[in-house]
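K.L.:
coordinates only, sequence not included:
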Ligand code: NAD
């Protein structure tokens with residue numbers, strides 16, 4: 001039986017990873033510089049992590065390039081690649097508790113979530129792409145008497161993967177597993193707030209038999225190490241999850257360097273629509289609360305705009321507030337906690353700033369609205385609900401990336417669907433109705449990469465994930481993600 005004391009003891013016993021992984025070795029940055037890694041649960045120093053710069057990125061890219069060109073991974077028999085990837089999954093399972101603990105310490109996520117979701121999900125993703133890698137077939141062209149043509153998928157080369165802090169190991173695996181399965185080399189940069197699970201993954205990959213140089217991990221700041229990867233002339237592709245402003249910069253860096261390809265998974269302001277004929281208001285309320293309060297609202301697909309038919313608005317709001325009360329801020333290392341700390345003091349202040357703006361713009365604060373557990377020194381914001389949020393207001397338009405829900409009533413399906421599309425984003429959406437025609441109409445008309453009917457976040461690794469509009473382009477998950485890390489080559493043989 002695990003307990004807070006168990007995880008605190010374990011945290012004191014394990015060594016917290018702090019070195020970059022370049023060419024198969026755990027190393028300090030060349031300059032020797034480090035940065036402070038602060039714990040979101042108490043504001044104290046956790047460890048000091050290698051602050052990599054352009055020189056470290058050059059070394060990582062050179063190692064990745066060499067590994068790619070000498071084909072040490074790409075040309076391994078697919079059965080061997082598969083065996084190594086499965087071995088890595090087994091090692092992650094062996095060290096699941098440690099990985100989950102590193103993730104909670106770094107990010108402030110509840111240990112029960114990192115143990116039950118983040119790490120198991122990363123393992124499932126790895127196994128999915130390990131299973132997929134020998135199902136990649138090319139195409140044979142139309143037959144003619146004098147020619148035989150075929151098309152093959154070839155790995156792209158060196159992939160620069162730049163990651164956010166909200167689901168570090170889970171999202172890292174969405175990039176690393178398909179890129180590896182396709183035979184590429186990788187230079188991975190975790191977010192500076194959450195480096196540790198990626199560094200542990202790098203160690204385990206070497207133990208599993210992923211050859212040196214194939215998975216390199218550089219830690220440090222986006223404006224230095226991230227930028228150096230993005231501008232590098234020898235990186236063939238950037239795969240990114242993070243904010244819109246950084247996504248825009250990556251496109252510029254790609255244009256200013258070698259026209260590397262770019263795949264962007266950006267933010268959202270996802271609508272969750274409750275029509276009056278919702279089949280189960282209690283279930284919808286539970287999903288609406290989960291949709292915004294899970295992971296402290298630090299979720300790119302958070303259902304941050306709740307659009308409710310005015311006829312059921314009052315009844316639904318009562319159910320929603322009851323469901324919201326199930327999310328109780330607590331110590332992330334306490335196994336009962338289901339709502340942890342914001343990832344950093346800066347993110348906490350950003351969220352509190354949005355709350356003040358919403359008040360000043362006239363939204364009705366109905367639940368929460370404050371920092372809590374301040375005595376712990378940690379960065380906690382309580383679940384917060386605003387009602388009667390005006391469609392054009394800041395809270396309706398901008399991504400908060402925290403536990404703040406904007407409720408807006410509507411009168412007709414036309415109005416609801418218009419409101420749903422009334423932001424620059426298009427990542428996820430949810431619709432609750434018993435009318436199959438309305439459900440289909442909503443699925444057709446909502447401009448978003450994900451539409452969940454009578455549920456929330458109901459797909460898994462088997463279905464593509466990504467945005468429309470300014471939520472980005474390119475897809476993670478599914479076989480589509482595998483092909484993203486490949487180029488298509490046409491070969492034609494003239495028969496003489
Ligand atoms: P961020 O964009 O600030 O940082 C993401 C990564 O980019 C980090 O590793 C950072 O170091 C790096 N970076 C920063 N500046 C850089 C630069 N100039 N050049 C290269 N790299 C740079 O995002 P964040 O704060 O870590 O994450 C929160 C954002 O991510 C939110 O907007 C959220 O919606 C989005 N997000 C999207 C998804 C998705 O799948 N669509 C998933 C999770 C998070």
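P.N.:
The structure has been received and is ready for your questions. Treat the numbers as computed from the prediction; the structure is a model and nothing was measured.

K.L.:
On the three-state scheme, residue 492 is what?
P.N.:
strand (DSSP: H, G, I helix; E, B strand; the rest coil).

K.L.:
any idea how far residue 146 is from it?
P.N.:
Counting by C-beta to C-beta, to the nearest Å, the separation of residue 492 from residue 146 is 10 Å. Every residue, glycine included, has its C-beta placed from N, CA and C.

K.L.:
So these two - more neighbours on which side?
P.N.:
When residue 492 and residue 146 are compared on other C-beta atoms under 10 Å, the one with more neighbours turns out to be residue 492, at 11 against 8.

K.L.:
phi, psi of residue 91?
P.N.:
Per-residue torsions, residue 91: phi -70, psi -40 (degrees, to the nearest 10).

K.L.:
got it, and residue 305?
P.N.:
Note on residue 305: backbone dihedrals following degrees, to the nearest 10 are phi -120, psi 110.

K.L.:
Also residue 418?
P.N.:
For residue 418, the backbone dihedrals (degrees, to the nearest 10) come out as phi -60, psi -50.

K.L.:
Please tell me how far it sits from residue 432.
P.N.:
Distance of residue 418 to residue 432, given as C-beta to C-beta: 18 Å.

K.L.:
Tell me where the stretch 251-400 of the chain has helices.
P.N.:
281-293, 313-324, 345-360, 394-397 (DSSP state H, counting those that start in this stretch).

K.L.:
Point me to the helix or strand that includes the residue positioned nearest the centre of the chain.
P.N.:
Nearest residue to the geometric centre of the chain (C-alpha atoms, centre = their mean): residue 171, 4.0 Å. Here residue 171 sits within helix 168-181, counting by DSSP states H and E.

K.L.:
which residues touch the nearest residue in space to residue 78 that is not next to it in sequence?
P.N.:
Setting aside the residues directly before and after it, residue 78 is nearest to residue 134 in space (C-beta to C-beta, 6 or more residues apart in numbering), at 4.3 Å. Residue 134 is in contact with 78-79, 82, counting by C-beta atoms under 8 Å, 6 or more residues apart in numbering.

K.L.:
which of these tops the neighbour count?
P.N.:
residue 82 (19 neighbours).

K.L.:
quick one: pLDDT of residue 336?
P.N.:
For residue 336, the model assigns a pLDDT of 97.

K.L.:
Next one, pLDDT for the closest residue to it other than its chain neighbours please.
P.N.:
Nearest non-adjacent residue to residue 336, counting by C-beta to C-beta, 6+ apart: residue 330, 7.0 Å away. pLDDT recorded at residue 330 is 98.

K.L.:
Next: residue 2.
P.N.:
Listed pLDDT for residue 2 reads 86.

K.L.:
and it, how many neighbours does it have?
P.N.:
Residue 2: 14 surrounding residues under other C-beta under 10 Å.

K.L.:
tell me the contacts of the closest residue to it other than its chain neighbours?
P.N.:
Closest residue to residue 2 apart from its sequence neighbours, by C-beta to C-beta, 6+ apart: residue 335 at 5.2 Å. If you count contacts by C-beta under 8 Å, 6+ apart, residue 335 has them with 2-4, 7, 111-112.

K.L.:
Apply 10 Å and report the result again.
P.N.:
Applying C-beta atoms under 10 Å, 6 or more residues apart in numbering, we find residue 335 in contact with 1-4, 6-7, 110-112, 115.

K.L.:
and what of residue 72?
P.N.:
If you count contacts by C-beta under 10 Å, 6+ apart, then residue 72 has 66, 185, 210-214 around it.

K.L.:
What of residue 28?
P.N.:
18-20, 34, 48-52, 56.

K.L.:
where's residue 143 relative to residue 491, distance?
P.N.:
15 Å.

K.L.:
higher neighbour count, those two?
P.N.:
residue 491 (11 against 8).

K.L.:
Just list whatever residues bridge to that one.
P.N.:
residue 150 (DSSP bridges).

K.L.:
quick one: which of the contacts of residue 335 is nearest residue 292?
P.N.:
Of all those, residue 110 has the smallest distance to residue 292: 15.8 Å, by C-beta to C-beta.

K.L.:
pLDDT at that closest one, what is it?
P.N.:
Residue 110 carries a pLDDT value of 98.

K.L.:
ok, which residues in this protein are in contact with the ligand?
P.N.:
With C-beta under 6 Å from any ligand atom as the criterion, the chain meets the ligand at residues 162-166, 171, 189, 191-192, 222-223, 226-227, 230, 241-243, 246, 249, 265-267, 300, 399, 401, 427, 467, 472.

K.L.:
Emit the PyMOL select command for whichever of these are buried.
P.N.:
Buried residues within the residues of the chain next to the ligand, by 16 or more other C-beta atoms under 10 Å, are selected in PyMOL with:
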select buried, resi 162+163+164+165+166+171+189+191+192+222+226+227+230+241+242+243+246+249+265+266+267+300+399+401+427+467+472
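
K.L.:
tell me the contacts of the residue nearest to the residue nearest to the centre of the chain when sequence neighbours are not counted?
P.N.:
The spatial neighbour of residue 171 that comes closest, neighbours along the chain excluded (C-beta to C-beta, 6+ apart), is residue 241 at 5.2 Å. Applying C-beta under 10 Å, 6+ apart to residue 241 gives the contacts 161-164, 166-167, 171-172, 174-175, 191, 247, 263-267, 300, 465-466, 472, 476.

K.L.:
can you list the helices of the stretch 251-400 of the chain in TSV and add mean neighbour count and mean pLDDT?
P.N.:
Formatted as TSV, the helices of the stretch 251-400 of the chain follow (neighbours: other C-beta atoms under 10 Å; pLDDT from 0 to 100):
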stretch	mean neighbour count	mean pLDDT
helix 281-293	23	98
helix 313-324	18	98
helix 345-360	17	98
helix 394-397	20	98
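
K.L.:
Let me know which of those helices is the nearest to residue 127.
P.N.:
Nearest to residue 127, of all the helices of the stretch 251-400 of the chain, is helix 281-293, at 25.8 Å by C-beta to C-beta.

K.L.:
Give me the angle between that closest one and helix 313-324.
P.N.:
Taking axes from the mean of the first three to the mean of the last three C-alpha atoms, to 10 degrees, one finds helix 281-293 and helix 313-324 inclined to each other by 60 degrees.

K.L.:
Give me the packing partners of helix 281-293, helices and strands only.
P.N.:
Applying 3 or more C-beta pairs under 10 Å, 6 or more residues apart in numbering; DSSP states H and E, one finds that helix 281-293 contacts strand 271-274, strand 305-309, helix 313-324, strand 384-387, strand 404-410, strand 430-432.

K.L.:
Counting by contacts, list what the fourth one packs against.
P.N.:
Read that as strand 384-387. The contact analysis (3+ C-beta pairs under 10 Å, 6+ apart) places strand 384-387 against helix 281-293, strand 305-309, helix 313-324, helix 345-360, strand 364-367, strand 404-410.

K.L.:
do that again at 7 Å, thanks
P.N.:
helix 313-324, strand 364-367, strand 404-410 (3 or more C-beta pairs under 7 Å, 6 or more residues apart in numbering; DSSP states H and E).

K.L.:
Columns distance to residue 127 on top of these, output as a markdown table?
P.N.:
Output for these, formatted as a markdown table (distance: least, C-beta to C-beta, whole Å):
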| stretch | distance to residue 127 |
| --- | --- |
| helix 313-324 | 33 |
| strand 364-367 | 40 |
| strand 404-410 | 35 |
